[in-house]
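my questions concern the predicted model and sequence given below.
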Amino acid sequence: MAERFIALLSDFGWQDPWIGQMKSIIYQENPNAKVVDLCHELPSFDIFSAGFKLFRAFKDFPVYSIFVCVVDPGVGGKRRPILVVTEDHYFVGPDNGIFSFIYKTENVRQVLHINATHYFRQPVSNTFQARDIFSPIAARLSEGIEVDKLGEPVEDYLKIPIPDEKIEDGKIKGAICGLDKFGNLITNIRFSSIKELASLTKMSNFSVFVQNKEIKLVGGGYEQKLPVFAILNSSNLIEIACSASSAAEFLKIGKLPVPVEIVGAK
Amino acid sequence: MAERFIALLSDFGWQDPWIGQMKSIIYQENPNAKVVDLCHELPSFDIFSAGFKLFRAFKDFPVYSIFVCVVDPGVGGKRRPILVVTEDHYFVGPDNGIFSFIYKTENVRQVLHINATHYFRQPVSNTFQARDIFSPIAARLSEGIEVDKLGEPVEDYLKIPIPDEKIEDGKIKGAICGLDKFGNLITNIRFSSIKELASLTKMSNFSVFVQNKEIKLVGGGYEQKLPVFAILNSSNLIEIACSASSAAEFLKIGKLPVPVEIVGAK
Amino acid sequence: MAERFIALLSDFGWQDPWIGQMKSIIYQENPNAKVVDLCHELPSFDIFSAGFKLFRAFKDFPVYSIFVCVVDPGVGGKRRPILVVTEDHYFVGPDNGIFSFIYKTENVRQVLHINATHYFRQPVSNTFQARDIFSPIAARLSEGIEVDKLGEPVEDYLKIPIPDEKIEDGKIKGAICGLDKFGNLITNIRFSSIKELASLTKMSNFSVFVQNKEIKLVGGGYEQKLPVFAILNSSNLIEIACSASSAAEFLKIGKLPVPVEIVGAK
């Protein structure tokens, strides 16, 4: 069996021992697990932002990779632990909407309410299910367990509002959904939509409009002569950036999402 | 031999290369070492806080795990490098009190002054004994070396003041000893003390009193209707929390420890 | 073949998934790669600072270690991806001067413009060559590929200004080049220069002069009675420090480099 990676994404930070405690549980079950830290300094409690960070990255992992995603203010409450099975990957975490970008874009085969308590670390705490439920389940998945041994399919899993990305009235309508460490503003608009709009409208010279400002879509990377510009990023999404400084500060954009439109010229 | 984990806890942060330098030394000695990062963004120089972070987490690691703990303002001075051997684990670090919570609660078999200089990285620097002494010693421990080859037993190892946790006058007296990334305030009061108090006093409906405020002890996790509440956390300790916000800010608590009392009602 | 470590140094931080994405690419090529995180919370875009962090640490890694160094504001522009081959190590990153301290002090065998596109992750993005070029190339190096299969030698690689360290007029002239998490100020002056000056001038009792202040060079570590002092650090460099507080704040030093001189007394 090909090795299955376990990627960890959380708002736990490196000032507390939680990430290490999770790894201890995973390695005790599967000493050969290949665990990769994806993000850990995510903004506390921000499910939307965490979901979009996952969305930007998951396609760089091989098939059968397992993503353990923990931004989980409702831990110990009524929200269920779930396993999302897509065409290519497994996603383990709370049923609080953190996987909403995955639901929107991926071929979801099933979503399971994880209830195989015999695999859980006992006793299960009310404050750290990442250790007690998600970690041992991820370890079992990395060993190739069949998913139907882990829980029961559910249909009513929680989806939080995710901005649409669509072509309408000769424009692409989307939103800035993410902010990175450098202050780059990442939209949910895919490069394929740009190509489709170009083909439909015979236009080129595209610009992003955000808060009544026009920002030109250019080729290349972060070294540009314009004070602010839009480029294609490494997740195949359109991103607004400044050269070696923060576009978020330049445009005074904080709370996300922020609607944008992309329009071409003749 | 069962694999022995090496867990690293430090105030080194990720902006300097120290954690990586330690791992290089460990892996050069034992290429198969299973190294787990526990905490690295601890407050600089705060031995008490580091000791309590370790205390919260170490029981989630298997027997024979090795904890390398480095908050070490006195490095290169007179403080000794030590190895603490308990019933189940090994603790490697400076003799500056960082293991005081371990001394208080664990069955300590012996404390050794590490003086096996032939295992040290040479030359031993005055500023980075985590690399030069603790890392190679931890690597040897992970390979199963006998502890009496590493140093000489000492009795006068340093203990810093650790607040008592005791039942007295029908109350549990303890203290807030830790603060986590989310602003939760973690006491040294164990769940077993609550059960003992309940049995002694026939009381229930417990409250934590801190700085003349009464905070109700409730079941469940962080989703509660009260503005501030106390719960049982994942280390079996009583913790003061707010729903998706900081209890430390809510109660204006900064410097630790802060005394608390737990009292029941009829 | 001895195992070759891959050490990662970046300004990527832990709030974005980039480090994990790099590791996914590396492990997919070489599942047995020994990847070590060196620094990731480096100041954004600060090539000089990153180069000096690397310089402080690389000698603690075994021969044939591979350093992937990514502070890369010009990604996707004209700057080339390069591989620096020294007597002992490999350095992979952008040709933006990040390896200037290496060029200055190491025996550089060759610098190659990496152009083996058939090893790159495809398509190569304009914003994340650390994933698309540096990671797969580092993975190949860890497997022992011959360097001439990776690119073409170049001579015109970029060097940024690095302060000299030299003995002149009975003094050592150098500069503070680095700042660590604790506020220690690290110079580029090597211990060997102190010994040489001592031998040349028959002087001892050395002091560092910085911004017209005299700071005594003392033995030992960070526990000293002086409010500010200079010591030999773990990279064999002279460092200015305060006991358990920040020398950078004490001396009000921010932007680097800052010139210093070391002078002895009779």
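Perfect, I can see it now. Numbering: from 1, shown residues only, chains lettered A, B, ... in the order given.

number of residues surrounding whatever residue of chain A ends up closest to chain C?
Ranked by Cβ to the nearest Cβ, the top residue of chain A for proximity to chain C is A:Gly221, at 2.0 Å. C-beta coordinates here come from the backbone N, C-alpha and C atoms, glycine included. Other residues near A:Gly221 come to 25 when the count uses other Cβ atoms under 10 Å in any protein chain shown.

cool, and the one 4 residues further on?
Number of residues near A:Lys225 (other Cβ under 10 Å) recorded here: 7.

state the pLDDT value of the residue in the stretch 1-150 of chain A that chain B sits nearest to.
Nearest residue of the stretch 1-150 of chain A to chain B (Cβ to the nearest Cβ) works out as A:Gly76 at 1.9 Å. pLDDT for A:Gly76: 89.

can you name the residues of the stretch 1-150 of chain A that neighbour chain B?
Applying Cβ under 8 Å from any Cβ of the partner chain, we find that the stretch 1-150 of chain A lies next to chain B at A:11-17, A:19-21, A:23-25, A:27-28, A:31, A:44-45, A:73-78, A:125-128, A:131-132.

tell me which entries of these lie within helices.
In this view, the residues of the stretch 1-150 of chain A next to chain B that belong to helices under DSSP state H are A:Ile19, A:Gly20, A:Gln21, A:Lys23, A:Ser24, A:Ile25, A:Tyr27, A:Gln28.

which of those ranks first by neighbour count?
A:Gln21 (28 neighbours).

show me the contacts for it.
By Cβ atoms under 8 Å, 6 or more residues apart in numbering or on different chains, the residues touching A:Gln21 are A:Phe128, A:Arg131, B:Leu38, B:Ala57, B:Asp60.

what are the phi and psi angles of the nearest residue in space to it that is not next to it in sequence?
Once flanking residues are discounted, A:Gln21 sits nearest to B:Asp60: 4.5 Å by Cβ to Cβ, 6 or more residues apart in numbering or on different chains. The phi and psi values for B:Asp60, taken as degrees, to the nearest 10, are phi -80, psi 0.

please, which helix or strand holds A:Lys53?
Take DSSP states H and E as the rule and A:Lys53 turns out to sit in helix A:47-57.

who are the packing partners of that helix?
Packing partners of helix A:47-57 (3 or more Cβ pairs under 8 Å, 6 or more residues apart in numbering or on different chains; DSSP states H and E): strand A:5-10, strand A:34-39, strand A:66-70, helix A:100-105, strand A:171-179, strand A:185-190.

would you turn those into a markdown table with mean pLDDT and mean neighbour count?
Conversion of these to a markdown table gives the following (pLDDT from 0 to 100; neighbours: other Cβ atoms under 10 Å in any protein chain shown):
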| stretch | mean pLDDT | mean neighbour count |
| --- | --- | --- |
| strand A:5-10 | 98 | 26 |
| strand A:34-39 | 98 | 23 |
| strand A:66-70 | 98 | 26 |
| helix A:100-105 | 97 | 19 |
| strand A:171-179 | 98 | 22 |
| strand A:185-190 | 98 | 25 |
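
how deep is A:Gly219 tucked in, by neighbour count?
10.

and the gap between it and A:Asn205?
Counting by Cβ to Cβ, to the nearest Å, the gap from A:Gly219 to A:Asn205 is 12 Å.
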